[in-house]
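*Asks:* Please find the sequence and the predicted model below.
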Amino acid sequence: MSDALTIAKSPEEALRAFLQFLLREKKVGAVLTLDRIGKSAVPAYSLITDASELESASPLLPMMPANAGKLLAELTELAPSPEPIAAVLKPCELRALVELRKLNQANLDNLLLISFTCGGVFPLALRNDGGIDERLLPYRDALAKGEVADGIRPTCRACEHFVPYNADLTVALVGTPAGDGTSTFLINSDRGAEVLEGFEGNRTEAKLESVALDTLRAKRAEEASKLYAAPETAALGLDGLVSVFGRCLSCRGCSNVCPICYCELCYFESAVEDPTPSKYEAQLSHRKATRVPPGTIAFHLGRMTHMVISCVGCGMCSDVCPVGIPVATLFSMAGRSAAGVFAYVPGKDLDEDLPLKKYEADELSHLGVERIES
Amino acid sequence: MSGRYVPNIVGFFCNWCSYTAADLAGVSRRHYPPTLRIIRVMCSSRVDPHMVVTAFLGGADAVLVGGCHPGDCHYVTGNYRTRRRFALLQSMFETLGLDTERIKLSWIAASEGNRVGQVVASLTEAIERLGPNPTREAMFL
Ligand code: SF4
Ligand code: SF4
Ligand code: SF4
């Protein structure tokens, strides 16, 4: 049980009204939310300072044009925001933000974090052809029943962290009947309680858990075991890696949109990795031929060693890949098992250090030792 | 030698323990298979897992990371960190279906010249059984 506020408006309307309230009452200086911009109402993240501009905002739209955790980190990496910002993020975006905080790339001090129980997002292709609106009704229906919505990103289908961690406020979407005109905001922190003061609605005691939530949990787990066992991606081996990544263009879209890949200059784009004549010469001294340019698989495996422990499975990388490589499936699969070794869930616990930043003297004792017959 | 497959092992050895041990093995004229190419690093924790991947993809039949025994690191905690990174790399190899037998972590103290020989011999044997790393010939890189 925790404190909650019930509001006699649909979740989308209630949240929009609340964000407007926050700006009007000067409880925050700006709001970061999905907005529908231009004539074609293209969804894009926007930083909004005037309540009237929020009319076109669509904070709960199931789209992720960028990982908002990355955006918030960029806004706060040098110093905390001078004025409070209210941000509406998906649970995986919030997890990315928390990982970036642990990597000293973000400052959460002046952020009000609002999230929701998440039904997943549609691929970005829908953003431009306008196909999003007709999908919203069936999507919300699925959510109300705790079903896996049709058409969402593959890694969303398999996402088991759809209940946010570290949100000041959580809007209940899963299990909330679409169109019955009420919504519930769960209050998870003092900051959350404070900003709700004076907003419409009734304070109640409520719990997030619902039958629909449990149903969705079970279904997502089932989807996860399916996705991660699929032959296109499971235990590829060298040949499999060659066929999956062989079509990679080296456009670096996947790492550019990845919230965890924060380095301004990626090692793999630095001069050390430039294919110089001497490198070709070295390769060709023991091979009959080499790919030009080389380094595709080395890039993906290298990127993986650097960041996979923090991969939040947001699906951005797959979604932007122009040649349809299931980058996110592979990375989240590798991330799950790597993080599993250390019983770590990226972005869950703000106070828990990154696994590679700490150690136990007495652990992993099977490594480094071998029985040698003498 | 001709015709017989000789594995090619790349070793990243820490300056203070494993490398010194290899040196000791040399000056004490211990014989062990000539399969190891050592790259000296100041600490095993300096080995970015990406370096192991690079050697692996570059055609090394095995990659051996050598460090001081836990508790004996010249920099106090370096090898504990190495061990975590290695665990991560190993789990990545497993997930991707790459051969985990080809990556190895060993603790070798400065005085264990003997052990260098034993570790190399046993790894060489294992690799002889496995055969050449398919990355040696593959032309995808
Ligand atoms: S990965 Fe999970 S939290 Fe992120 S958008 Fe998809 S369902 Fe929501
Ligand atoms: S690797 Fe892909 S799925 Fe993982 S955090 Fe980065 S963009 Fe998201
Ligand atoms: S986005 Fe796709 S094509 Fe571009 S570098 Fe990543 S995997 Fe390769």
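*Replies:* That came through, no problem. Residues are numbered from 1 along each chain as shown, chains lettered A, B, ... in the order given. Ligands and ions are numbered 1, 2, ... in the order given.

*Asks:* Please make it C-alpha for all contacts and neighbour counts, starting now.
*Replies:* Fine.

*Asks:* Buried residues, stretch B:57-74. List them.
*Replies:* Residues of stretch B:57-74 classed as buried by neighbour count (16 or more other C-alpha atoms under 10 Å in any protein chain shown): B:57-70, B:72-74.

*Asks:* Looking at these, which are in helices?
*Replies:* Of these, the ones assigned to helices by DSSP state H are residue B:57.

*Asks:* Which helix in chain A has the most residues?
*Replies:* The helix spanning the most residues in chain A, taking DSSP H as the definition, is helix A:211-227.

*Asks:* Just the residues contacting it, thanks.
*Replies:* A:143-148, A:154, A:157-160, A:174-175, A:329 (C-alpha atoms under 8 Å, 6 or more residues apart in numbering or on different chains).

*Asks:* Next, count neighbours for the residue lying closest to residue A:358 once chain neighbours are set aside.
*Replies:* Once flanking residues are discounted, residue A:358 sits nearest to residue B:81: 7.2 Å by C-alpha to C-alpha, 6 or more residues apart in numbering or on different chains. Residue B:81 has 20 neighbours, counted by other C-alpha atoms under 10 Å in any protein chain shown.

*Asks:* Same question for residue A:330.
*Replies:* Neighbour count for residue A:330, taken as other C-alpha under 10 Å: 25.

*Asks:* where does residue A:342 fall, phi/psi-wise?
*Replies:* phi -110, psi 20 (degrees, to the nearest 10).

*Asks:* so what's the closest residue in space to it that isn't next to it in sequence up against?
*Replies:* Take residue A:342 and drop its neighbours on the chain: the residue closest to it by C-alpha to C-alpha, 6+ apart is residue A:355, 6.6 Å away. Residue A:355 sits next to A:309, A:339, A:342, A:344, B:84 when contact means C-alpha under 8 Å, 6+ apart.

*Asks:* Just the CA atoms of the least confident helix or strand in chain A by mean pLDDT, as PDB, please.
*Replies:* In chain A, no helix or strand scores lower on mean pLDDT, DSSP states H and E than helix A:125-129, which sits at a mean of 80. What follows is helix A:125-129, C-alpha atoms only, in PDB (Å, rounded to 0.1, in the frame of the first residue of the first chain):
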ATOM      1  CA  ALA A 125       8.700   3.800 -38.500                       C
ATOM      2  CA  LEU A 126       5.100   4.500 -37.400                       C
ATOM      3  CA  ARG A 127       6.100   8.000 -36.400                       C
ATOM      4  CA  ASN A 128       6.300   9.300 -39.900                       C
ATOM      5  CA  ASP A 129       3.500   7.400 -41.600                       C
END
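
*Asks:* Let's see if you can find the most crowded of the contacts of helix A:211-227.
*Replies:* Sorting these by how many neighbours each has (other C-alpha under 10 Å) puts residue A:174 first, at 30 neighbours.

*Asks:* What is the lowest-mean-pLDDT helix or strand in chain B packed up against?
*Replies:* Comparing helices and strands within chain B by mean pLDDT, DSSP H and E singles out helix B:18-27 as the least confident, with a mean of 91. Judged by 3 or more C-alpha pairs under 8 Å, 6 or more residues apart in numbering or on different chains; DSSP states H and E, helix B:18-27 is in contact with strand B:62-67, helix B:113-130.

*Asks:* Between helix B:18-27 and the shortest one, find me the angle.
*Replies:* Here the directions of strand B:62-67 and helix B:18-27 differ by 100 degrees (axes from the mean of the first three to the mean of the last three C-alpha atoms, to 10 degrees).

*Asks:* for the helix or strand that strand B:62-67 is followed by, what is the average pLDDT?
*Replies:* Following strand B:62-67 in sequence order, the next helix or strand is helix B:78-96 (DSSP states H and E). On average, the pLDDT along helix B:78-96 is 96.

*Asks:* immediately after helix B:78-96, which helix or strand?
*Replies:* Trace forward from helix B:78-96 with DSSP H and E and the next one is strand B:103-107.

*Asks:* contacts for that next one?
*Replies:* Contacts of strand B:103-107 (C-alpha under 8 Å, 6+ apart): A:367-370, B:18, B:52, B:62-70, B:83, B:86, B:90, B:119.

*Asks:* one more time with 6 Å, if that's ok
*Replies:* A:368, A:369, B:62, B:63, B:64, B:65, B:66, B:67, B:68, B:69 (C-alpha atoms under 6 Å, 6 or more residues apart in numbering or on different chains).

*Asks:* and if you look at stretch A:14-27?
*Replies:* Against stretch A:14-27 from outside (C-alpha under 6 Å, 6+ apart): A:28, A:51.

*Asks:* For it, which residues meet the burial criterion?
*Replies:* Those would be A:14, A:15, A:16, A:17, A:18, A:19, A:20, A:21, A:22, A:23, A:27, for stretch A:14-27 by 16+ other C-alpha under 10 Å.

*Asks:* repeat for stretch A:173-190
*Replies:* For stretch A:173-190, by 16+ other C-alpha under 10 Å, it's A:173-178, A:182-188.

*Asks:* Then stretch A:70-83?
*Replies:* A:70, A:71, A:72, A:73, A:74, A:76, A:77, A:80, A:81.

*Asks:* Just say helix, strand or coil for the last one.
*Replies:* Right, the one you point to is residue A:81. Here residue A:81 is coil, with the state taken from DSSP: H, G, I helix; E, B strand; the rest coil.

*Asks:* List the contacts of it.
*Replies:* Neighbours of residue A:81 in contact, by C-alpha under 6 Å, 6+ apart: residue A:110.

*Asks:* The first one too?
*Replies:* For residue A:70, the set of contacting residues under the criterion of C-alpha under 6 Å, 6+ apart consists of residue A:259.

*Asks:* Equivalent analysis for residue A:129, please.
*Replies:* Contacts of residue A:129 were listed using C-alpha under 6 Å, 6+ apart, and none were found.

*Asks:* Tell me how far it lies from residue A:123.
*Replies:* Using C-alpha to C-alpha, to the nearest Å, we find residue A:129 at a distance of 11 Å from residue A:123.

*Asks:* for residue A:158, same thing?
*Replies:* On the measure of C-alpha to C-alpha, residue A:158 and residue A:123 end up 15 Å apart.

*Asks:* Name the helix or strand for the closest residue to residue A:55 other than its chain neighbours, please.
*Replies:* Closest residue in space to residue A:55, ignoring its immediate chain neighbours: residue A:16 at 7.6 Å, by C-alpha to C-alpha, 6+ apart. Assigning secondary structure by DSSP H and E places residue A:16 in helix A:11-24.

*Asks:* between the helix or strand following that helix and helix A:11-24, how many degrees?
*Replies:* Downstream of helix A:11-24, the next assigned helix or strand under DSSP H and E is strand A:30-37. Calculated by the same axes, to 10 degrees, strand A:30-37 forms an angle of 130 degrees with helix A:11-24.

*Asks:* same question for strand A:30-37, mean pLDDT?
*Replies:* Rounded mean pLDDT across strand A:30-37 is 96.

*Asks:* Around the residue of the stretch 251-374 of chain A found nearest ligand 1, count how many other residues there are.
*Replies:* Nearest to ligand 1, among the residues of the stretch 251-374 of chain A, is residue A:314, at 4.3 Å (C-alpha to the nearest ligand atom). Counted with other C-alpha under 10 Å, the neighbours of residue A:314 add up to 29.

*Asks:* residue contacts, it?
*Replies:* Listed by C-alpha under 6 Å, 6+ apart, the contact set of residue A:314 reads residue A:92.

*Asks:* Doesn't it lie inside a strand?
*Replies:* No - using three-state DSSP, the secondary structure at residue A:314 is coil, not a strand.

*Asks:* mind checking the SS state of the nearest residue to residue A:167 once chain neighbours are set aside?
*Replies:* If you skip the residues right next to it in sequence, residue A:167 has residue A:113 as its closest partner in space, 5.1 Å away by C-alpha to C-alpha, 6+ apart. Secondary structure, three-state DSSP: residue A:113 is strand.
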